[in-house]
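A.B. asks: One predicted model, sequence on top.
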Amino acid sequence: MKNGQYSSGIKTAAMVLQMVFLIVVIVFFSLIVNLFGRSMLSFRDIGNNSFFDSYYYVEKMGEELKELTSYLQLQMGMRIREEDKDLYKKYKLEFDDGDSNFYYWFSHGEKVYTNMGEHIKEDEALKRAKKFGSYLYYDDDTISFQGNIKQADKRTEMDMLRLFRNGSNGGGLVVAVDTALEKKDAIADAANVYDTYFPWVKSGLLIAIFSLLCFLICMIYITLATGRGNEDDKIRLHRIDYFPTEILLLAFIAFVGALIAFCARLGRQSWNVSSSLILTGTLVFLTDTVLLTLYLSFVRKIKADIFISCSITAHVFHILKEGMRTQRILNRAVISFVGIAVLGLLFAWQAFANQHMWAIAGLFCVYIYLAAHFLQQAVQRKKILNGIIQISSGNLDYKFHDAEFTGDYRELAEKINTIGEGLYNAVEENVKNERLKTELITNVSHDIKTPLTSIINYINLIKLEKIQNEKLENYVDILEKKSLRLKQLMEDLVEVSKITSGNITLDMQPINMVELIYQTGGEFNEIFENIGLTIVTRLPKEPVMIIADGNRIWRVVQNLYSNVAKYAMKDTRVYVELKVNEDTAKFSIKDISAQEIHKSAQDLSERFVRGDESRGTEGNGLGLSIARNLTSLMGGTFEITLDGDLFTASITFPLCK
Amino acid sequence: MNRILVCDDDKEIVEAIEIYLQQEGYEICKAYDGEEALAILKKQAVDLLIIDVMMPRLDGIRATLKIREESSIPIIILSAKSEDSDKILGLNVGADDYLTKPFNPLELVARVKSQLRRYTKLGNAAENSQAVYRTGGLAINDDLKEVTVDDEPVKLTPIEYNILLLLMKNQGKVFSISQIYESIWNADAIGADNTVAVHIRHIREKIEINPKEPRYIKVVWGVGYKIDKV
């Protein structure tokens, strides 16, 4: 089925067929119009076979009866005027010279008028009339006309009734037509014409309906098939299809206009049936060829989606648009503004000064354009803004769809997409690097820990040997201290790399900060006492609940306390405070630094940065970094402030409701 | 005389451990990978196993799994892997204790002693008294007002004793500082301070081998303290 359904053979056949069918339809149509034009055909006749049943016959009889009435009026004792003499002669020739199929018998009392022969009584005339087949008579009993000739015209009937007006009783009227039509007269001619054409009308109607259906099927097939081939789905265009759409449309309209004008001129002359049929056929052939060509071209254009793009308007529009595009944004805005303003003023002037409808419509269009323009701009601006908000809030893989934007906004969207992509890649790369770094540090730390274990163990063994040498004992002490610091350093290093790469899972629970501070205080109380630090604690009486990971928040607070233990000046006070604001809890610890701090507050919480630079003390510079990173991981903020030697570390968490 | 099998691919570490444990009077067998350890276990009766995780041929975790199919001797894992997940894995496959490298030799000795005491003595020790509370190697006899860790008596002050008793009586329950304060001092916790925390640290220092990694008194940071049922 698929194969060959678009072959050129079938297409050509379909075109020829549709042409044939169309000619049949149109020829039939013109025949019907022709017959209607001669009043030879009426819809009432469809289904009739006999001339004597047709409307055409009724019409003809109407004429005959009208003439008969006039003729009888002229005959009936009224004076015939000079001007009626010709008419009288004509009627006399028509009805009474014995060469007519039309018979009448009339009397309005004494005198009898008839062409059926002298001295015939009414009842005999009626008998003969009935024998002729088609008849009409005046029935005294019902006071109406009876018979099988249908009456078309009421006026003729009234005229006929008026014939009896002056008469006495015993008058009557009998009219008959000899259905054998033995004599040649107007009725015989009409019957002849009718019998020639009417059978064609009936069978022609069936053929025409069938042809019309076939024509439509052919047209549908051609419409579907045009431009398509069997090999692929590509639309094949003909040379004509590359003509601009407007020119083809113009040709179409011009041709149709010319055709209508030509037909109108033809219609003014009278044609006989056969020559009009030949003329119609030829016309249809020409028209169909031209219009079908244009129609199929439109169809192919629409299929190939070049109906609009391959037009002069589109070309002009394109050139204008390109011109605008290359202009700088500012120029473009100015040009657009001036154009709209001038157009608007022009329309407004015409609308108010001269009250032209077109100007009012134009002004309206300008407003609609402006509204659409501003709305479109606003929508696009909003979309761009939403996208930027998305990207800036961390959704780096957000992308704009170019198709949703026009003009500058499309360019803007594309550029933002590029920036977003760059950011996304950079962050991805960074995350990957951090993870690799953590893995490296973890692996290296495992490898370092094993020899470190031996070092620590054997230092211990040396100590167990109870060396009686103060110098050596001192050296071993240093070795022990440094090896333990190395151990701590390794642990901190692994931890800090895990935290900064986000490679940890948090177990978030409600935490009572007051409890935590007391617990921490308990752990550090003796360490602080030993170095002469006094803790001054100011805490609220009631629990202060936040959401955090218990072990991690302890690590933060612990780091802050040990930071104080390592760097605070001896014999000073340390202030620990917990302040509750509207929806946050702020923990802070303040101390006086033992040594002058050369670093800025921000540098202090960087990795491996210490206030003193000398590395003489036991810190390794990771504590504050760990504290800061853990705090932000748990959703808090970490802050360090320096005021001379006054060192303040604080963490703030949102309160848990 | 208890026999202890030490298994580590680092010979120096094995030797150092040997020295420490021999000083305490234990007999030592040495293995340098998991397969060797399994072979020795088949030939000899061993009372305790100290095993490393990362070793050639058969690692410590697999070795522990195999040993547990047949034997219930105490196993202490000694590893450089210090992640929580590593510890949980080790304890789940059947180890009794987990110690990270670098370790304090004295802590290792203490843990060995603790495991051995529980394995050889406590397992069949029967307590009749109602007033004895026990978790792992920690026991508190309220009749005698006596606290023992692995059968070694520990001296606590009255307040420390009361705090420990409170936690032992309600194993698994977390007590906040003010709850402890109110039940020990029978007074409102207004003006509570470090006192309870300091006492707890003191108890820990007395009953724990490594107070920084407590086995019995656990700190639930920001919530309180508890003793887990073992």
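C.D. replies: Noted; the coordinates are in hand.
A.B. asks: which residues of the stretch 301-450 of chain A fall in helices?
C.D. replies: A:312-326, A:329-349, A:357-392, A:407-464 (DSSP state H, counting those that start in this stretch).
A.B. asks: Spit out the contact partners of residue B:195.
C.D. replies: Residues near residue B:195 by CB atoms under 8 Å, 6 or more residues apart in numbering or on different chains: A:522, B:181. C-beta: built from backbone N, CA, C; applies to glycine.
A.B. asks: Which parts of chain B are strands?
C.D. replies: B:3-7, B:27-31, B:48-51, B:75-79, B:97-100, B:132-135, B:138-141, B:146-149, B:152-154, B:217-220, B:224-227 (DSSP state E).
A.B. asks: Quick one: the ones you listed as a markdown table, columns for mean pLDDT too.
C.D. replies: Shown next, in a markdown table, are those (pLDDT from 0 to 100):
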| stretch | mean pLDDT |
| --- | --- |
| strand B:3-7 | 92 |
| strand B:27-31 | 91 |
| strand B:48-51 | 93 |
| strand B:75-79 | 93 |
| strand B:97-100 | 90 |
| strand B:132-135 | 83 |
| strand B:138-141 | 86 |
| strand B:146-149 | 87 |
| strand B:152-154 | 86 |
| strand B:217-220 | 89 |
| strand B:224-227 | 90 |
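A.B. asks: Report the secondary structure state of residue A:585.
C.D. replies: When classified by DSSP: H, G, I helix; E, B strand; the rest coil, residue A:585 comes out as strand.
A.B. asks: how close does it get to residue A:76?
C.D. replies: To residue A:76, residue A:585 is 131 Å away according to CB to CB, to the nearest Å.
A.B. asks: Tell me which of those two has more neighbours.
C.D. replies: residue A:585 (22 against 14; other CB atoms under 10 Å in any protein chain shown).
A.B. asks: which one is that one nearest to, not counting chain neighbours?
C.D. replies: Distance criterion CB to CB, 6 or more residues apart in numbering or on different chains; nearest residue to residue A:585, sequence neighbours excluded, is residue A:544 at 4.9 Å.
A.B. asks: Report how many residues lie close to the one you found.
C.D. replies: There are 23 residues near residue A:544, going by other CB under 10 Å.
A.B. asks: What of the one 5 residues further on?
C.D. replies: Residue A:549 is surrounded by 21 other residues when neighbours are defined as other CB under 10 Å.
A.B. asks: circling back to that earlier point, so can I have TSV of the strands of chain B showing mean neighbour count and distance to residue A:303?
C.D. replies: TSV is the format used below for the strands of chain B (neighbours: other CB atoms under 10 Å in any protein chain shown; distance: least, CB to CB, whole Å):
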stretch	mean neighbour count	distance to residue A:303
strand B:3-7	23	82
strand B:27-31	18	84
strand B:48-51	26	80
strand B:75-79	25	75
strand B:97-100	20	76
strand B:132-135	18	86
strand B:138-141	20	90
strand B:146-149	19	93
strand B:152-154	13	96
strand B:217-220	20	76
strand B:224-227	23	80
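A.B. asks: Contact residues of chain B facing chain A?
C.D. replies: Residues of chain B that fall close to chain A, judged by CB under 8 Å from any CB of the partner chain: B:10, B:12-13, B:16-17, B:19-20, B:23, B:54, B:80-82, B:101-106, B:176-177, B:190, B:192-201, B:219-224.
A.B. asks: are any of those buried, and which?
C.D. replies: B:10, B:13, B:16-17, B:20, B:54, B:80-82, B:101-105, B:176-177, B:192-201, B:219-224 (16 or more other CB atoms under 10 Å in any protein chain shown).
A.B. asks: ok, and the helix or strand in chain A with the lowest average confidence?
C.D. replies: Within chain A, confidence by mean pLDDT, DSSP states H and E is lowest for helix A:601-604 among all helices and strands, at a mean of 70.
A.B. asks: okay, now residue A:543: neighbour count?
C.D. replies: For residue A:543, using other CB under 10 Å, the count is 14.
A.B. asks: so which helix or strand takes in it?
C.D. replies: Of the helices and strands defined by DSSP states H and E, none includes residue A:543.
A.B. asks: With the one 3 residues further on instead?
C.D. replies: Here residue A:546 is covered by strand A:545-549, with elements defined by DSSP H and E.
A.B. asks: what's the spacing between that strand and its chain's center?
C.D. replies: 52 Å (CA atoms, centre = their mean, to the nearest Å).
A.B. asks: following that strand, which helix or strand comes up?
C.D. replies: helix A:550-567.
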